[in-house]
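Engineer: Pasted the sequence and its predicted model underneath.
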Amino acid sequence: MAWWEKTAASLTHLGLYTILVAMPLTGWIIVSASPINIPTLVFDTLPLPHIGFIATDPDKDQWLAVGEWGHWLLAWSAGAAVLLHAAAALRHHFILKDDILRRMLPWGS
């Protein structure tokens with residue numbers, strides 16, 4: 001792989017992992033700032049308290065706007081990163097004809 005491909009792959013992986021962490025955090029900000037007091041349940045079982053300084057902030061609307069914007073941006077970024085990741089894997093398999101896609105399989109070599 002060329003240096004730019006390795007860099008692009010690393011940045012895409014970093015982006016995907018960042019989204020995996022940041023997306024739930026922005027959702028937590030949204031429910032903490034929500035005027036309807038939505039409960040947060042991890043796996044529909046474990047209650048998670050609201051973020052204290054957000055829940056008690058008299059200007060929760062700003063937190064809500066930031067959380068919603070961040071959540072929206074991360075959702076679209078996740079979709080774009082997944083499409084880019086899949087397109088790159090298919091390019092390696094069908095155009096470059098290398099074994100990258102086969103190596104990702106559990107029984108691959």
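Structural biologist: That came through fine.
Engineer: Nearest residue to the middle of this protein?
Structural biologist: Centroid-nearest residue in the chain, with C-alpha atoms, centre = their mean: residue 19, separated by 2.3 Å.
Engineer: which residue sits closest to residue 22, ignoring its sequence neighbours?
Structural biologist: Leaving out its chain neighbours, the residue that sits closest to residue 22 by C-beta to C-beta, 6 or more residues apart in numbering is residue 74, at 5.6 Å. C-beta coordinates here come from the backbone N, C-alpha and C atoms, glycine included.
Engineer: what residues are up against that neighbour?
Structural biologist: 19, 22-23, 26 (C-beta atoms under 8 Å, 6 or more residues apart in numbering).
Engineer: Let me know how buried the closest residue to residue 35 other than its chain neighbours is, in neighbour terms.
Structural biologist: Spatially, and ignoring its direct neighbours in sequence, residue 35 is nearest to residue 60 (7.3 Å; C-beta to C-beta, 6+ apart). Here the number of neighbours of residue 60 (other C-beta atoms under 10 Å) works out to 17.
Engineer: for stretch 77-87, which positions count as buried?
Structural biologist: Using 16 or more other C-beta atoms under 10 Å as the test for burial, stretch 77-87 gives 77-78, 81, 84.
Engineer: now do stretch 42-51
Structural biologist: Per 16+ other C-beta under 10 Å, stretch 42-51 contains these buried residues: 50-51.
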